[in-house]
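In: Give me the fold of what follows.
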Amino acid sequence: MLNHSFVHIPTIGLLTEKKIWTSGIRTMEEFIQSPPAFLKPARQQTVGRHIQLSIDKMQNGEAKYFCDNLPTKEQWRLFREYQDSTAYIDIETTGIGDYGDIITTIALYDGKEIKHYINGKNLDEFRHDIMEYKVIVTYNGKTFDIPFIEKYLGISLEHAHLDLRYILKGLGYSGGLKSCEQQLGIGRTGFLQEMDGYFAVLLWYDYKKKRQVKSLETLLAYNVQDVLSLEHLMIAAYNQKIGGIPLKIKPLKPGSPPANPFVPDLPTINRIRKEFLLF
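Out: Below is the predicted model:
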């Protein structure tokens, strides 16, 4: 989709972009070869220079350039070109970012491999690992996950960032992550469907105070399931978005993620529910 895009070029809006398409020019290379006649020669040259810059940026894999220059509602367009360098991430914390709140676990999935990070064990490894990717996909990460990570780990994440909360909202899907999953027919089963952020905190404290490994594994099962779902949602959203473009663009195939390596432990879940009167 990115090679069909012109709306990231200065002075080119959605209406002009559509006019370029209907004139028969569907890619940036086609514009360079034969600029649309409805643009004046001076503007053809100016736009052409920006397009050549865009082609160079694509060849160099500079996803951030397109994220910075595409209108916010159109940033989804860069996904296909950078899908192989995308990290789906989600964090679990002890709060919303107030003083004393910490990141407990981070899950990362890149379309092939699942990685997880645990406070007190390997959390610092995330600093290095995340830099291997050009694009980050989150749900509500622009207001929560990324600011929390940057503050807590003392790093700056300058990646292209696609936040599914806003992409899905533009398609008419709202609510939390699990609600959007249900609306798009991506279901969870058992406790992973019922679990929420509050229970995730209880699992962490149970693990830390009582050294209950099953509590940590249950927390990680929840955390990892979130990032596996993000890939499904991103592909579904992308395919719906291209459906609104007056061009024939091949949809992306659904991902084939590995199995979640962690399994929620029902006895642990029931014990914590009983202790905290959560029925």
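In: contacting residues for the closest residue to residue 43 other than its chain neighbours?
Out: The spatial neighbour of residue 43 that comes closest, neighbours along the chain excluded (CB to CB, 6 or more residues apart in numbering), is residue 11 at 7.2 Å. Placement of C-beta: from N, CA and C, glycine included. Contacts of residue 11 were listed using CB atoms under 8 Å, 6 or more residues apart in numbering, and they are 43, 46-47.
In: want to throw these into CSV with distance to residue 122 and neighbour count?
Out: Putting the contacts of residue 11 into CSV (distance: CB to CB, whole Å; neighbours: other CB atoms under 10 Å) gives the following:
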residue, distance to residue 122, neighbour count
43, 53, 15
46, 50, 15
47, 48, 22
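In: Okay, the closest residue to residue 2 other than its chain neighbours and residue 40: tell me how far apart.
Out: The spatial neighbour of residue 2 that comes closest, neighbours along the chain excluded (CB to CB, 6+ apart), is residue 81 at 4.7 Å. When CB to CB, to the nearest Å is applied, the distance between residue 81 and residue 40 equals 30 Å.
In: which residues of the chain score low on pLDDT?
Out: Per-residue confidence for the chain (pLDDT under 70) gives these ranges: 189, 279.
In: centroid residue for it?
Out: residue 137 (1.4 Å; CA atoms, centre = their mean).
In: count of residues packed around the closest residue to residue 12 other than its chain neighbours?
Out: Counting by CB to CB, 6+ apart, the nearest residue to residue 12 once its immediate chain neighbours are dropped is residue 6, at 4.8 Å. When neighbours are counted by other CB atoms under 10 Å, residue 6 registers 23.
In: Wait, a helix at residue 6?
Out: No: using DSSP: H, G, I helix; E, B strand; the rest coil, the secondary structure at residue 6 is coil, not a helix.
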